[in-house]
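S.K.: Predicted coordinates and the sequence they were generated for:
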Amino acid sequence: MDEHLVLWDVDHTLIDSLGLGGAAYRQIFPEVTGQPVREPALMDGRTDLGTIDQMLRSHDIEPTGELVAAMTAALAGVFDEVRAELAEKGRVLPGAREALATFDGDPAVHQSVLTGNTAEVARIKLGAFGLLGHFDLDIGAFGDDHLLRGGLVPVARGRAARKLGIDFAPERIVLIGDTLNDVRAAHESGARLIAVATGSYSADELRAAGAEVIFETLPAPGELRAALG
Ligand SMILES: [Mg+2]
């Protein structure tokens, strides 16, 4: 049996949380640093560690371990508070529940996330929409595991090897995501990518960045399964 490790991006691939991420950064930055926000937090498929690093540096603040930890904790605190709002105003993207349920029932698919969200925020977001049960989060990788998204693929691979006893060859690892950073992460690690143009990038932009399999929106489960190879 050819088994696959399917690693889902969260924001704009599975769910839309209506800009709450940007709002969270605007709230925590002055709280943690004591300085006003002058430059926006850049997310866009970055890891939260990457976003925090960029945001601190763009304000000429050295990203010390202590500050980064304080920002990470504050971020989780904000999302914990907006859990109900998230469920109420955000949405699960079309096709996501069906695709997740189909992979759940497929013994050749091991399903987790590869997300820029920290592990704590990912749990809050997925939990808010009732999606947590679809994932083995022990074999995923998160925005507090590495500064760069490409660095998350080996993290997930290592976790899957330890827990499942399967060393997935890179071509058996499939990322599903919506940004140029998802494309880059796949190319850097040798993983495969299924791109969806449900975020801020068009199918043409994803193609120009080197994505080979692209859908406008998540396709019907059978089509997505076929795209795994
Ligand atoms: Mg995304």
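M.R.: That came in fine, so what should we check first? Residues are numbered from 1 along each chain as shown.

S.K.: Any residues of the protein in contact with the ion? List them.
M.R.: Taking CB under 5 Å from the ion as the criterion, the chain approaches the ion at residues 9, 11-12, 178. C-beta coordinates here come from the backbone N, C-alpha and C atoms, glycine included.

S.K.: pLDDT added to those residues, as CSV?
M.R.: Putting these into CSV (pLDDT from 0 to 100) gives the following:
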residue, pLDDT
D9, 98
D11, 96
H12, 97
D178, 98
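
S.K.: Touching, T47 and V121? I think so.
M.R.: No. With contact defined as CB atoms under 8 Å, T47 does not reach V121; the gap is 11.2 Å.

S.K.: tell me the mean pLDDT over the host helix or strand of H110?
M.R.: Following DSSP states H and E, one finds H110 within strand 109-113. Confidence over strand 109-113, taken as the mean pLDDT, stands at 97.

S.K.: related to what we said a few turns ago, quick one, which of T47 and V121 is more surrounded?
M.R.: More crowded of T47 and V121, by other CB atoms under 10 Å: T47, with 28 against 25.

S.K.: In contact with I52, which residues are there?
M.R.: For I52, the residues meeting the contact criterion (CB atoms under 8 Å, 6 or more residues apart in numbering) are 63, 68, 71-72.

S.K.: Can I get these in CSV including pLDDT?
M.R.: Written out in CSV, the entries for the contacts of I52 read as follows (pLDDT from 0 to 100):
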residue, pLDDT
P63, 98
V68, 97
M71, 97
T72, 97
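
S.K.: Narrow those residues to those that are buried.
M.R.: Those of the contacts of I52 that meet the buried threshold are 63, 68, 71-72, by 16 or more other CB atoms under 10 Å.

S.K.: Quick check: the farthest pair among the residues you listed?
M.R.: Set against one another by CB to CB, those have their most distant pair in P63 and T72, with a gap of 11.2 Å.

S.K.: Can you get me a residue count around G21?
M.R.: The criterion is other CB under 10 Å. On that basis, G21 has 21 neighbouring residues.

S.K.: I meant to write R97 there.
M.R.: Neighbourhood size, R97 [other CB under 10 Å]: 17.

S.K.: so how many other residues sit close to H59?
M.R.: When counting by other CB under 10 Å, one arrives at 14 neighbours for H59.

S.K.: Go ahead and confirm it touches R38.
M.R.: Yes. Using CB under 8 Å as the test, H59 is close enough to R38 to be in contact (6.1 Å).

S.K.: roughly how far apart are the residue most central in space within the chain and A128?
M.R.: Most central residue of the chain, judged by C-alpha distance to the mean C-alpha position with CA atoms, centre = their mean, is T115 at 2.0 Å. Between T115 and A128 the distance, using CB to CB, to the nearest Å, works out to 14 Å.

S.K.: Likewise for D104?
M.R.: Look at D104 and A128: by CB to CB, they are 19 Å apart.

S.K.: same deal with I214?
M.R.: Following CB to CB, the distance that separates I214 from A128 is 28 Å.

S.K.: repeat for R46
M.R.: Using CB to CB, R46 is found at 22 Å from A128.

S.K.: And for D182?
M.R.: Using CB to CB, we find D182 at a distance of 22 Å from A128.

S.K.: Output the contacting helices and strands for the helix or strand bottoming out on mean pLDDT in the chain.
M.R.: Of all the helices and strands that make up the chain, the one with the lowest confidence by mean pLDDT, DSSP states H and E is helix 83-89; it has a mean of 91. Judged by 3 or more CB pairs under 8 Å, 6 or more residues apart in numbering; DSSP states H and E, the packing partners of helix 83-89 are helix 119-128.
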